[in-house]
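J.: when you get a sec, could you give me coordinates for this:
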Amino acid sequence: MSPQTSALLTTIDANQATLDAAHPLPPYTVASVWDKLMLEWTYHSNAIEGNTLTLRETKVVLEGITVAGKSLREHIEATNHRDAILYVEESVAKHEVLTERQILNLHAVVVMSIKPGHVGWDRQENVVTARASTTAPDFVYPQAEMAALAEWYGRAGAMHPIQRAAELHTRFVKIHPFVDSNGRTARLLLNFELMKAGYPPAIIRKEDQLAYHDALEIACGSGDYIGITSLVAESVQRSLDVYFDVLRLPRPGESASTLSPWH
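T.: Now for the predicted structure:
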């Protein structure tokens, strides 16, 4: 891990500890922050995969309103992703551990009414992913690759949670086990791991798509996870910033009196 990434993780942990120490937090405020993060998570994750709904259109779709000129699939992708986040939230609240069955259930929510027949490790042909220099495993191997991922995950407990989540995400992306919605599912797994460890979700933004894909390509091709870990860490910090700004909490080393009343 680079010194810069290590320093960022230290800062994040200090900020998370400050946020944890402020509990109990105002419930309505926390609910509004979570709604904001869930909306942005849904919008950006779908936009990375080509969904053309804007952030505002995604919001109204999640409120049950149809947007003229947008496809039925784009509407379903938004509501499915929202439901998948709720599934992750429920799993975290129940302190469930990550299993292959849980991954399958999560993917089933993501593709509901889009690819309803595609369940299980269903890729029956070889594919070339968007990362030009990276080739997914032959279609006959995804289940074996997923078993190897589970074995790695069982040995990764000593890693920093953000580092472990970033590597879990990357390893899953490289396997590419499904016909459809691998990226969305991978980002949901990323945040399941982060939220399970007490962090807010990492929202990979549409505007960071090129840097995100470049970091994944390097990690999948060479096993160098520094770039993707840094990108995930920066995304976690942005989510923490939302909590600090809305709750007007002083960051570590910052006095509450230094906060502007307009902060």
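
J.: distance of the residue nearest in space to the middle of the chain from Ala22?
T.: Nearest to the geometric centre of the chain sits Arg187, at 3.4 Å (Cα atoms, centre = their mean). Plainly put, Arg187 is 28 Å away from Ala22 if you go by Cβ to Cβ, to the nearest Å. Backbone N, C-alpha and C define where each C-beta goes, glycine included.

J.: elements contacting the strand or helix carrying Asp245?
T.: Element membership for Asp245, per DSSP states H and E: helix 226-247. Applying 3 or more Cβ pairs under 8 Å, 6 or more residues apart in numbering; DSSP states H and E, one finds that helix 226-247 contacts helix 3-21, helix 27-48, helix 161-175, helix 182-196, helix 209-222.

J.: buried stuff in that helix?
T.: Judged by neighbour count (16 or more other Cβ atoms under 10 Å), helix 226-247 contains these buried residues: 226-237, 239-240, 242-244.

J.: also stretch 24-39?
T.: For stretch 24-39, by 16+ other Cβ under 10 Å, it's 25, 33-34, 37-39.

J.: residues in contact with it?
T.: 55, 58-59, 62, 82, 85, 200-201, 203, 239, 242-243, 246-247 (Cβ atoms under 8 Å, 6 or more residues apart in numbering).

J.: for that stretch, list the C-alpha coordinates in PDB.
T.: The C-alpha trace of stretch 24-39 is given here as PDB (Å, rounded to 0.1, in the frame of the first residue of the first chain):
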ATOM      1  CA  PRO A  24     -27.000   8.600  18.900                       C
ATOM      2  CA  LEU A  25     -27.400  10.800  15.900                       C
ATOM      3  CA  PRO A  26     -30.700  12.600  15.000                       C
ATOM      4  CA  PRO A  27     -32.800   9.900  13.400                       C
ATOM      5  CA  TYR A  28     -34.500  12.100  10.800                       C
ATOM      6  CA  THR A  29     -31.200  13.700   9.800                       C
ATOM      7  CA  VAL A  30     -29.500  10.300   9.400                       C
ATOM      8  CA  ALA A  31     -32.400   9.000   7.300                       C
ATOM      9  CA  SER A  32     -32.200  12.000   5.000                       C
ATOM     10  CA  VAL A  33     -28.400  11.500   4.600                       C
ATOM     11  CA  TRP A  34     -29.000   7.800   3.900                       C
ATOM     12  CA  ASP A  35     -31.700   8.600   1.300                       C
ATOM     13  CA  LYS A  36     -29.200  11.000  -0.400                       C
ATOM     14  CA  LEU A  37     -26.400   8.400  -0.500                       C
ATOM     15  CA  MET A  38     -28.800   5.700  -1.700                       C
ATOM     16  CA  LEU A  39     -30.000   7.900  -4.600                       C
END
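
J.: okay then, goodbye and thanks.
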